[in-house]
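1. need coordinates for the following:
(chains A and B, ligands or ions: 1)
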Amino acid sequence: MIDSAIVREFLEAGRSASCPVVDLHAHYGHFGGIYMPNHTPEQMLATMERCGVERIVSAGHTALVDMVRGNAEIAEIAARHPGRWYAYLTYNPNYSDEGRQELERYEGRAAFVGLKFHPSHHTYPLTGEAYRPALEFAAARRLLVLTHTWGGSAYDRPELLEQVAQRYPEVDFLAGHSGHGQFEECMAVARRCANVYLELTAAYAVGGLIEEMVRQVGAHKIIFGCDLPWFDPHYAIGCVIMADISDEARRAILRDNALRLLMPRSRHEP
Amino acid sequence: METLSYFDCNVSIGRPAHGLIRPCPSAAELLAEMDRLGVERALVRHALMSEQSPAVGNPALAEAIADQPRLVGSWAILPPQTDELPPAPEFFRQMAAANVRALWAFAEQHRYLLDRFTFGGFLDEVAERRIPLLIPRDAGGPRPPDTWRMLTRLLEQYPDLTLILAHHGPWGEDRFFRPFLEHYPRFYLDISRYELDCGLRDLVARYGPERLLYGSHFPEHSMGGPRLMVARAEIDEEARQAIAGGNLERLLAEVML
Ligand SMILES: [Zn+2]
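-> Here you go, the predicted structure:
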């Protein structure tokens, strides 16, 4: 059996006192094609407790569809759980005028630490003009940007992220799903761009990938996420901790890297 | 410490043509990973079975697991009309000799119709002998439900078939598979990619644990995810042992070769 204090803690208690997890890719609520038994904020907080997830940064499913309604919802939820639940402001480039108003409306709100883009879902390329106001906004305030990335996508394949990341060096970009299916390309982008991080949602399950990311890019550029309430954090954590990597790398991925990105942007008490 | 015994229903060895980040060419490498993760036994197939032909892959699998008591074999089937595999009685005799106790159907990859029109009495015999038939549901996600349509027809024609739906995608496909759990008592689910938060708890509460099988789909996917998920799911210890290995143990013990 793997000789790791963190692995033992998770197997025996479901959580790690020495390594509380920080998840930078979460949502909440129903979502079209998938049944989620555990989708309310209260249910998600119970899951976080069970799995030793200390903090999440979340974008509402509602906001992927209806940005205005969804951002209002998540602002309210995050405000109720300071220091535990942070929010991404979702920006839909297909409604860029409303998007600009959203950026202004929530500017300076404590719970918001970044922006969420989903170019594939919105069928609009990450490099397109309509993303510019949001990217300039993020650059001026040094916000995080979590963007969906997917291999071969006309909207958000790793190559497009690289173009945007080079244009906005002040912004830290999380490559959601690590360019799933184009992992080599996404790892190369994360190597070349100091401001691009590999986010693990769904990618964690791919056999041997975490080891390869640590080898090629370094544990310091890998960020934990599991699309909660989609995926059981234990499934995602299991993939990370049982990978053939050091406890130091496990801790960096599950916690340290995320805190390094999150805390300077947080206006909640620690 | 944990005292559960894990029996993985879905692992493979070999060198798939599309390449893997970390392939698992041999039984020795598979056993090493199982040891690392604390997995006792596994039901194994060989990449050649699907990618080249069962005629090549089935014997390759038998050879790879000979003298490996922790590994139980699974073979792939083909339509009887082309005589590429030994005919029925001999086929089952060879399975017994090679410690092969389950079958796979790669219908899309091998280009045949998995139905009574093609398989006739062969699948009746598979059902009577209680040999589990594993069906891959590759690449989950938002795409047309071909596999599910095929399965409704197959089970209408062979309602007593012991069927294991393998590695359906992480887009929890409950809306597809729950009706099968409802209608067919011998429909089983490999939970290797059933990653839904609280999914196992929800499924066990509604259908019981008897038809859920721990699997990993290693080496395409990590063994670690389902391993920790099952270890920590909010279900009672009896249900956990059933899912971790008890159910598969029971299924394979029922097989008559
Ligand atoms: Zn997401």
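2. in three-state terms, label A:Y86 for me.
-> Put simply, A:Y86 is strand when judged by DSSP: H, G, I helix; E, B strand; the rest coil.
3. who touches it in this structure?
-> A:55-58, A:78, A:111-113, A:262, A:266, A:268 (Cβ atoms under 8 Å, 6 or more residues apart in numbering or on different chains). From N, CA and C alone the C-beta is placed, and that goes for glycine too.
4. please repeat the previous calculation with a cut-off of 7 Å.
-> Contact analysis of A:Y86 by Cβ atoms under 7 Å, 6 or more residues apart in numbering or on different chains lists A:55, A:57, A:78, A:111, A:113, A:262, A:266.
5. by neighbours, which of these wins?
-> Counting neighbours by other Cβ atoms under 10 Å in any protein chain shown, the top entry in these is A:V57, with 28 neighbours.
6. so of the contacts of A:Y86, which ones are in helices?
-> Residues of the contacts of A:Y86 located in helices (DSSP state H): A:78, A:262.
7. nearest to B:N58 among the contacts of A:Y86?
-> The closest of these to B:N58 turns out to be A:V57 (Cβ to Cβ; 49.2 Å).
8. quick check: closest non-adjacent residue to the closest one.
-> A:Y86 (4.3 Å; Cβ to Cβ, 6 or more residues apart in numbering or on different chains).
9. give me every residue in chain B lying close to chain A.
-> Chain B comes close to chain A at residues B:2, B:20-22, B:36-38, B:142, B:170-172, B:174-175, B:195-199, B:202, B:218-229, B:231-232, as judged by Cβ under 7 Å from any Cβ of the partner chain.
10. ChimeraX command to pick out the buried ones of these?
-> Provided next is the ChimeraX selection string for whichever of the residues of chain B next to chain A are buried by 16 or more other Cβ atoms under 10 Å in any protein chain shown:
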select /B:20,21,22,37,38,170,171,172,174,195,196,197,198,199,202,218,219,220,221,222,223,224,225,226,227,228,229,231,232
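11. and the residue of the stretch 1-150 of chain B closest to chain A?
-> B:R22 (2.8 Å; Cβ to the nearest Cβ).
12. that residue belongs to a helix?
-> No - B:R22: not assigned to a helix; according to three-state DSSP it is coil.
13. ok, which stretches of the stretch 1-150 of chain B are helices?
-> Remark: helices assigned in the stretch 1-150 of chain B by DSSP state H, counting those that start in this stretch are B:27-37, B:47-51, B:54-65, B:88-97, B:107-110, B:116-128, B:146-157.
14. just the stretch 101-250 of chain A next, same as before
-> Counting by DSSP H, counting those that start in this stretch, the helices of the stretch 101-250 of chain A are A:119-122, A:132-141, A:158-167, A:183-192, A:209-216, A:233-241, A:247-251.
15. in chain B, mark out all the strands, start to finish.
-> With DSSP state E as the criterion, chain B has strands at B:7-13, B:41-46, B:71-76, B:100-104, B:133-136, B:163-166, B:187-190, B:212-213.
16. just send these back as a markdown table, with distance to B:L30 and mean neighbour count too.
-> Formatted as a markdown table, those follow (distance: least, Cβ to Cβ, whole Å; neighbours: other Cβ atoms under 10 Å in any protein chain shown):
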| stretch | distance to B:L30 | mean neighbour count |
| --- | --- | --- |
| strand B:7-13 | 6 | 27 |
| strand B:41-46 | 7 | 26 |
| strand B:71-76 | 7 | 23 |
| strand B:100-104 | 16 | 23 |
| strand B:133-136 | 17 | 22 |
| strand B:163-166 | 17 | 23 |
| strand B:187-190 | 17 | 24 |
| strand B:212-213 | 18 | 28 |
